[in-house]
Structures are given as C-alpha cells and as structure tokens.
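Generate coordinates for the sequence data below:
(chains A and B)
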Amino acid sequence: MTQLPPPSAKKLGLVIDLDTCVGCHACVVSCKGWNTENYGAPLSDQNAYGADPSGTFLNRVHSYEVQPAQGEAQLIHFPKSCLHCEDAPCVTVCPTGASYKRSEDGIVLVNESDCIGCGLCAWACPYGARELDAKEGVMKKCTLCVDRIYNENLPEEDRQPACVRTCPAGARHFGDLGDAESDVSKLVAERGGFDLMPEQGTKPVNKYLPPRPKDVMPEFDVLAPYLEPIASDGKGFVGWLDKALSSLPGGAK
Amino acid sequence: MSLDQPQLDTSPKVSDEVRKTTCYMCACRCGINVHMKEGKVAYIEGNKDHPVNQGVLCAKGSAGIMQHNAPSRLRAPLKRVGERGSGEFEEISWEEALTLATEWLAPVREKHPEKLAFFTGRDQSQSFTSFWAQGFGTPNYAAHGGFCSVNMAAAGIYTMGGAFWEFGQPDWDHTKLFMLFGVAEDHDSNPIKMGIGKIKARGARMIGVNPIRTGYNAVADDWVGITPGTDGLFILAMVHCLMKAGKIDLDYLARFTNASVLVNEDPDSEQFGLFLRDEDGQPQVIDRRTGNLAPWNGQGVEPDLAATYRAKGVTHRPVFHQMADRYLSDDYAPEAVAERCGISAQRIRALAADLARVAFDEAIELDRPWTDFRGKKHDKMIGRPVSFHAMRGISAHSNGFQTCRALHVLQILLGSVEVPGGMRFKPPYPKPATAHPKPHGKVTPGAALDGPHLGYTHGPEDLLLDAEGNPTRIDKAYSWENPMSAHGLMHMVISNAHAGVPYKIDTLFMYMANMSWNSSMNVGGVHKMLIDKDENGDYVIPRIIYSDAYSSEMVAYADLILPDTTYLERHDCISLLDRPICEADGVADAIRWPVVEPDRDVRGFQSVLCDLGARLGLPGFVNEDGSQKYEDYADYITNHVRRPGVGPLAGWRVGEDGKLQGGRGQPNGSQLQNYIDNGGFWIEHVPENAAYYKPFSMEYQDWAVKMGFYDVAQPYIFQLYVEPLRKFQAAAEGIGTRQPPEHLRERLKLTMDPLPFWYPPLEDGHADPVEYPIHALTQRPMAMYHSWGTQNAWLRQIHGHNPLYVPTNIWEANGFQEGDWARVSSVHGAITVPVAHQASLNPNTVWTWNAIGKRKGAWALDEKAPEATKGFLLNHLIHELLPPKGDGLRWANSDPITGQAAWFDLRVKIEKSAVPNEAQPVMPAIKSPVGQGPKELDWKVGK
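As a prediction, this is how the structure comes out:
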C-alpha cells in the first residue's frame, strides 16, 4: 500500500459554482484536448465512429433533476473530476506507489510508468473520478493540469487548469484552498461552499458552491404598488398622460 | 511504499507555434489559438484578446481538432455515376468538375439566369456569395435565415434597427435584471454564457422564459415555463400591466420613438393608418414648445405624446393613443391570457412589476454628456437596467414576427434600448429598415441582377412580382404570401422547384446546407422530390451541384460535389458587409486563414466561386481583358472594393496619407498579414460619449460615418408603429393599384398589423388541437452545432442519441417507464422513438435535441451508430405546407409576414409503443463516399 504525505500547507484545487454552471461541457472537452496532447498517455477513444463509442475523460458533467417539496422542478448541472482529497483512498490502496499525492501542493497524480492498471484505485474512489484508459491500460485522472499551472512556457495568466481557462460562464475557479486568504477560500466562505460526500471521510480539497434559491421572486403583494393603475382605458390613459407629461422636464406648456 | 515522488517536468514545451484564427464550430465565431506541433494541429483554446470570447471556448470549439481530422471529410470532387440518392460517385479532377459546372451554368445564364437557384445554408460569407449570385443574374439567392431566425432579425430591424446577437446584446456590465426567451444556443453562444456568469457574479437576477428548463434556464433565478407559441400574448399582457400603471418611460418614448408621430384616423381616407407627413415626406409630431406641427427630427423640437391634430375634417392622433387603446384592453389583461400561456395571472403581474421596479426604481446614471439629433444636449446617460435576449424559440412560429415585435416594443416602452443596463446595438448596427437596400429581382439574360437580392420592403411597390402578379423568386420571397421575407425561404426551394411553381429551374446549387435531412421539413417527401423523374425519365430538378466539407446526408442527392476545406484550412472574412463579430463597445471584423494546408484534393468554396465566376464571365469576377479577376478568396478579401474606401475588411486599409487605418481606405496588399499579426481580428472601440443612444446620438452618428458604416449621418427614431405593415394591410383592404390575390386578403388584413398583436399559431387552425394536444420542440445542445457535431469523436460521446423528453403528467398518463418507446404522430406523419422523463418541463410540451439523428451511411459513421438507430428527427412530423383545411388551398407552414419556417408550431399526440428494433421511420442506408472512421483514436501529435 502507498502512504500519503503529511498534509501540505498548500492545497491546490477547484471551486465549482453549481449556481452558474449551464452544463455546456466546455470544461469536459477542453480537458480532453489538453490531456490527450499532454501529460502521459493520450486519452483514447474506442469505437470512435461506431455503435458504442466510449473514451477516457478526466472530467464529466452530469445533470440531475431536483424536485423541491414546493415549486418547480430544477435541473442541476454537476461537473465531476478528481477532488484531490486530503485522505485520498485511491493513493493508499495503490499496490505499486504509482498513485500518489504531491507533498508540495496536494495534487493527486498517477505515475503512469509504475501503474499496472489493476483498477484498485478506481474502486476505492467514492466519486468515480478515475478512468482506466482502454488502449494504454493505465489509470487516468485529473492532474489539475500540473503541466500548465507551473508552466513557464505559458503566459502567467494561462497558468491555470484548461477547464478553468475555458469555462465560458466563469463557474470554475482554481487556487489554494489551504490559504484562508486566497480568492477561492473567500468564495467558499462567502457562498457556503461544501464538500462532496463528506461522510466518506476523504476530505476533498475541491469544493462546490450551492445553487442559490430559485423561483423565489417577491410575492405579488410586495410588488403590487409598482402596478397601481393610473387608468382603466385609453381615454383615462390619455388624461393621465397629459398630467404626466406636464411634470416631465420642459413639460410646462 | 516510500514517499518518493517522481520528478515531474512541470514546464513542458506547449507547442512549436500558436496560430490565431476564427472558430467555425458554430455561428458564434470566437477567436481561437491553434497550437501547432510539427506542422500539425495539437490543441485549440480560446483567444484571450478576442472581442467575442475573451479567451473562453465552448465544447464545440475545443473539439475543433476532431472536426478538422474527421474521417467524414470529403477528399476530391465527385461526379454522380449511379442514380441520384444512391451515393454512387466517381472522383474527378477539379478541372473536370469546374468545366462541367461551367458547361451546365453558362447556357442557363445566357437564356434564363433565374433557372439557377443558389442557396448557401450556414454560409458565413454571404456578402460574397450574394455578390456572385448577383453577377450571375439570378434572383434566386438566399442563405438559411428563412428557416432560422428571420422573424427576430426582421422584427428587430423594422422596429428599432437591430435585434439580438449580431445586431445587439444586453449591457452585461450594468444590467440588473436579465430576461431570456428561447434561444438557439449558437446565437451568441459564449457571450451569453459569459454574460450570465457576469451578472451572477454581481448578484443581478435572471428570468428564463422557456417551456423547457435546461441549460441557461436551469441557472435562471426564476423559470417561466410558458406554453409554446404564446410568448406574444405573455409579453403584451406585461405591456398591458405596465401601461396601465404608467410604468413606461414617457420622456424616452416622446423623444426617441414614433409614439408621438401623428396617424391619420379617418377610415374613409386613402391615408388611413398612415403618418401625417410634411412636404418633404417627414412624419409630423406636435411640438410641445409651440403646440404646432413639426417634423419628427426638427432642431429643438419637443415631440408631444398626447396632443392630437385635426385638419380638413381628419383627426390625427399620435401612435401612443392607438397603443393605449389596444393594450389597455382587457383582451391583454393577465387574467385573459393566463390559461393560454400556462402562467398564472398573479405571476404575470409579478413579473411586470419586477420589470417596473428595476427599470425605474433602480435606474442608473452615467456622467457622460451627449447630444441628440435635435441638437439637445443631455448631461447624463440614464439607464433602465432591464435587458432581454431572445432568438429562435419565439421566432420559429407562424406568429413569430409579431411576437418578436412585441418583445422589442416592451423593451422600448421601458426605455431600455441603447441605454446603460439595457439592450445595446453592436456597430455597424443600429441600422433602420430604411437604410437597408430594398430587394431586387429584375432578370436580364446574360447580365447581372439589378441590385442586391435581399432587403427590406416598405410597401406593395417593393414586392418582387411579375406583370401577372406571380412571384419573381423560386422561394416566393417578397410575394404576397410573405411580403417581408428579408432572408428568403430556403426551406421552400426544393418543394417549389419540384412543383415547378412559380416556375421550373435547371440547376439547384447549394452550399453547406443539409437540405435532405435536418434542415428540411418533410424529409421523406424531400428525398422523393430530389430523385423524382418526369415522363421523359429526366430528373424533375435537372441538376444539383453541392459544396460541403463533409459527407453529409445531402451529398448523395447531388450530381456534382465540390469538396470544401475544413475551417482551419481556409481563408474567410467575417465582414462588416455581412454578419460581423462586433461588440457594443467596438466595431470588429475577423479572418480565417489556412493554419494548415489541406492534405486532400479540396478547395475553399469561395475560391472555387472566384474561378467559376471567371469561367462564366460574371461581372466583378473578370478583368477587362476577360481574365480571372481574383486568384482566390484571399485575393478577393484583400482587393475587392464594394463602395469607395470600403471593402470586405475594415482593418488596416490605406488612408489618404498612405498610412494604415481602420474604417475607410484603399486596399492594402498586406492586409491579411496585418490581421494574422493581430491575432486574426481587428477592433476599434466606440468613443465613450457615443457608446449609448446610438441611433439618436450625434457623437455616434459622426463616428459611424467616419468608420464607413454609411456615408451621411442617419439618426432615426424607433418604430413602435411600423408604417410599411400598414401599407400592406391597406392594400388588402382594397387601397392602391397593387392588390393581393383574393385568397390572401383576409390573412393580410389580420396579420399585417402595424402594432404588435397576438394570434394563435397557424397550425392550430389546421391540425385539431384536441386530437393533437401536445407541443413538440427541438433544442440545440450546447455541445453540438446542427448536424456537424455527430462526426466529432469527442462530441458524439456527449450527445450520441436523443430521447424524447416527456413531462410528468404525460409520462404518468401513458404509464411510461424508463426504457420505453412511444409513437409520436402529427397530422403529417409518425415516428417511434425512445422516451425519457423530465419534470422541469411545460406540461403540454415534449422535446428532443436537434439534429442528433443521422441517416445510415452518412458522416463516416457505422450504420449501427446510436445516432442512426436510436437517434431521430422531429422533421418527419413537420411539413413545409400546412395540412389541408378544406378550402382547396395548401398554406405554407411559415410566418405569413416573413416566411420564417414555423418549426415550433408542431402539434403531436403521443402513445406508448412496443420497443422496435430501431427508431422509426428507418431510411435505407446511403453509400458513403469516404468509407468509415477508424475504430480507435489516440490523437497525440507531439509523441
């Protein structure tokens, strides 16, 4: 079994805003593109143009319908990738040490040259965040774009995960969740960010921001003064109009 | 195991080079950085400097690499050798292909240029393709607007000089309440997502009005699950509430709209319903300073919204009086419309009250002085921070034009157009209908058409009719059937050409339009029309030439295929003469350029037209000595001059001082390189004091002239009352010499109303709403663009099939369970398809994703692909004509004003079905000209 390092002070991760995610899959495909071309083996696709296409993705968006006790049903888009847990069961279960958590920033990675593709880590992950690449036979997972975030060949503003850079709605945020003063930590504090399945005891670093309450527009009686009638027909309206116009700037005839 | 970590290179080389061009994975046209490794495309990301997407990129854009490498790419020109529809082709050379096309087309042009119908689908080069068609001399040209969103575009132009998307956008930085009606996702794809993100980050609110709660509507603070086709009624009920409460911007209405313009109210007058005009033809208002008549645009005039004018026994009242009469009527009271719209009266009032609260109680002011066209100086810009956006959801109905008009009028009543926080135009818009060309259709054998094809009609005199009153155009655009069909009617071309009504054609020439599949109604019928033969054994549509980059369903139905390049292999210009990429704060245009060269025998379609145009001797395409004028499209983009100083691209033109400048100027031989050096686009920002009130602001008007949008300042006021509509209506009432056919009279009287109103979708009068009680819609998924997405190995894993989503009440009433299938039928046809439950759905509505279903053999997919076995089209249920209703006539399934295809009027019934082997109907496979894609992909360029 593989050991976890002592908890790092720096805990890099994502904050994903479920209030803003429109479910467009931009993050899914940007991730696929970057990680096919970069870190480790490409993310392969089987039956790519066939009857039952399937491929390796490090990030997928699921959609769930929620029926509140009162009011209209809602649809929540839920992007899911590795949460870079502090107590990552996928690391401790690894028989070869291929699966590891970086001591300097907490990113959970797979060293593909040591991975034997046994799949134990995928079984151990309660989030289903790891996918065995069918062609290469190695375990693939979110790297938090470790080959982007420190990459001196990229302009500084681009040193963030591909999914964050591309998200059109700005629903994905990247930063140090170990630093209470970081933008992402403040966002989590302000918006009530939460852990996914905390009962699993994995202490995920990634946080989700909850959807704001929906369909709670002010009741009619609160807004009623805004629609106080000034007339009931065309004639009355014209009478009101005469008065209203004379009170406009330059209105004295 | 130890804690030893592997050494990781965290700064690997990203690419050899970044080439910046423009995306074409949908109509949004974002800037992209194409990362190259060893001369190949390695990775695509958004361009941070680009005005449209500012660095972000959607799923389609990021998957561009799979489109560029798609196995469905056509490889060489093809000549049909089997029967039409069989997919039997032989590869030929370009010389052979172009010689053949010339042999076919030259005699047509010599004798009957109108017998060429040239329609260009989702073309992003319409100012070029229309120029070619004009040179050819055929009146029969249009792109796909008629089956997309012409109702929105035309209603916007006639009402206020622009609508949404390419013409305008919400003021995302200032708006406090954003109301979104049904959109086609590619109509401002990334900017809408960015805007929603922005307003959410600021704590502003968003209301979604849509029968379906997915996508943008899923994140809306409030969702209004309206019944399809009733949006106009809902909007006018809110207008009713706002007017009744006086929550309207009177100052704005008086100054900047024709609410104050006087209308003749004498029913016996030939001028009934028309504006009172002075000798110069200018509409008249009463000037509040004097109480006398004055032209609307007179210097210093203060138009009066209330005063009437009586002369020679005729009363003239301002437009605003007529609006009060109409919209204060109880017909538009929330209680009267609630049931029909599926929204409670209380909720309609609450929504109207919320608009009023934000528009007037939360008004904002910017300290920016500006001057209006009457010379009045304003020291502030007052914002009504309510904004709207809408597209195809409300426009693809047969009452869509009037519904879109209603939405624009609502915005204007709130004073929220072209003000901070409201809806803003994107230069070169605003541009009123009067500043657009009129339609042209005069044919001269062997010569060019008399002017541009598409434009805006202002009365019966502008219709394109022959001496007998028959339509000039094959699609019957600008005829009495749809007098304001500003984008043409591509969806009627095949059907009319097959019927020989109004006349037979010789050659159907199409580009990038999947007209034998997802872009046509009545798919099976269209297949029959395309392969139908006359008594002599000749095809009824004698010749079909088609250009596409991919092996789409349409390919098999053409006689000659001109294979196009992918978007990364071509030159393009996203031009101010066409559908530009501008933002409210800047005028912009952009290019595509070959970031890689094609590895197949394919050519950019526009370059092919330069060649073909020269072979045919078309004016504009040959030099005086008859030689080819433009070597290729890049040459045209650089050197074509449309008006003095104005060409396809506005950036880096040569000024009088010989220096490069934006806007007007002479052609610059290095212009494309200047664009490439700047990241593929050009932008010039609107001066701050010209950023709002664009139609009325002299600061803006002067800047627009300087930039070359038009040659003289042309301020105008918004047309709440559209007089051209009244002129068509008056003709139907018997006024004037150009008269409609009798069978259209009543419909024209009803629908050509100069003030917005609501009428039920026309299908309701033909299909029995009791037998067919359910509305059926399609939506475009955010990760797909019509039929293109399916050939993309990554995107098809996101949307590989499309169930019919069914609301809870219908689900339970039919006893549906997961895995069930249903037979869905309309008056026209039936399909059998998989169903899925969705609770967040209007109770009278079912829907599915658009264009996922594929025909076997197309797009280089396996015949067992889920797109072909479980995927389906609703198109089989929709006919281009309405069902007969016993009057002996067949009415088009289109908006009677613009001819927009009424896709969303569809009514169906639904019943549980045994599970079939495949979605029904099953069409036979077509032979693929490109074979099938590989089984496995692991696409890594820099190995």
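
Could you list the low-pLDDT ranges of the chain?
With no chain named, the answer covers chain A. Counting by pLDDT under 70, the low-confidence segments of chain A come to A:1, A:219-222, A:249-253.

wrong chain, I was asking about chain B
Applying pLDDT under 70 to chain B flags residues B:1-3.

and the residue in it positioned nearest to chain A, how many neighbours does it have?
Using Cβ to the nearest Cβ, the single residue of chain B nearest to chain A is B:Gly933, 3.0 Å away. Where C-beta positions appear, they are placed from N, C-alpha and C, glycine not excepted. The local packing of B:Gly933 (other Cβ atoms under 10 Å in any protein chain shown) involves 21 other residues.

Wait, a helix at it?
No. Using DSSP: H, G, I helix; E, B strand; the rest coil, the assignment for B:Gly933 is coil, not a helix.

I'd like the distance between the nearest residue to B:Ala902 once chain neighbours are set aside and B:Glu90.
In space, and not counting its chain neighbours, B:Ala902 is closest to B:Ser398: 4.1 Å by Cβ to Cβ, 6 or more residues apart in numbering or on different chains. Distance of B:Ser398 to B:Glu90, computed by Cβ to Cβ, to the nearest Å: 44 Å.

Settle it for me: which of these two has more neighbours?
B:Ser398 (31 against 12).

Thought B:Pro761 was touching that one, still the case?
Yes. Counting by Cβ atoms under 8 Å, B:Ser398 does reach B:Pro761; the two are 5.1 Å apart.

got any residues that touch both of these two?
Here B:Ser398 and B:Pro761 have B:902, B:905 as joint contacts, going by Cβ atoms under 8 Å, 6 or more residues apart in numbering or on different chains.

returning to what we had before: make sure the residue of chain B closest to chain A is actually in contact with B:Asn792.
No. With contact defined as Cβ under 8 Å, B:Gly933 does not reach B:Asn792; the gap is 10.5 Å.

Find residues that contact each of those two.
Residues touching both B:Gly933 and B:Asn792 (Cβ under 8 Å, 6+ apart): B:Ala70.

Enumerate every residue touching whatever residue of chain A ends up closest to chain B.
At 3.0 Å from chain B, A:Tyr49 is the closest residue in chain A, using Cβ to the nearest Cβ. The contact partners of A:Tyr49, by Cβ under 8 Å, 6+ apart, come to B:71, B:791, B:793, B:860-862, B:865, B:932-935.

picking that back up, name all residues that make contact with the residue of chain B closest to chain A.
For B:Gly933, the contact set (Cβ under 8 Å, 6+ apart) comprises A:48-50, B:70-72, B:791, B:793, B:860-861.

for those, which one is nearest B:Tyr252?
Using Cβ to Cβ, B:Gln791 is the member of these that lies nearest B:Tyr252, at 49.3 Å.

After the biggest helix by length in chain B, which helix or strand is next?
Determined from DSSP state H, the single longest helix within chain B is helix B:94-111. Following helix B:94-111 in sequence order, the next helix or strand is strand B:116-119 (DSSP states H and E).

Wait, a helix at the residue of chain A closest to chain B?
No. Counting by three-state DSSP, A:Tyr49 is not found in a helix; it is coil.

Could you chop chain B up by domain?
Following automatic domain parsing, one finds the domains of chain B at B:81-138+B:442-563, B:163-429, B:763-913.

ok, back up a step: pick out the most distant pair among the contacts of A:Tyr49.
Between any two of those, the greatest separation by Cβ to Cβ is 15.4 Å, found for B:Gln791 and B:Lys935.

When those two are compared, which one has more neighbours?
When neighbours are counted by other Cβ under 10 Å, B:Gln791 and B:Lys935 differ, and B:Gln791 comes out ahead with 25 against 12.

Now that one. Its backbone dihedrals?
Phi and psi for B:Gln791, reported as degrees, to the nearest 10, are phi -80, psi 0.

Touching, it and B:Asp548? I think so.
No. Counting by Cβ under 8 Å, B:Gln791 stays clear of B:Asp548, with 11.5 Å between them.

burial measure for residue 30, as a count.
Using chain A here. Neighbour count of A:Ser30, defined by other Cβ under 10 Å: 30.

oops, I was thinking of chain B
When neighbours are defined as other Cβ under 10 Å, B:Cys30 has 28 of them.

ok, it - contacts?
When contacts are counted by Cβ under 8 Å, 6+ apart, B:Cys30 touches B:22-23, B:46-47, B:50, B:52-53, B:56-58, B:61, B:189-190.
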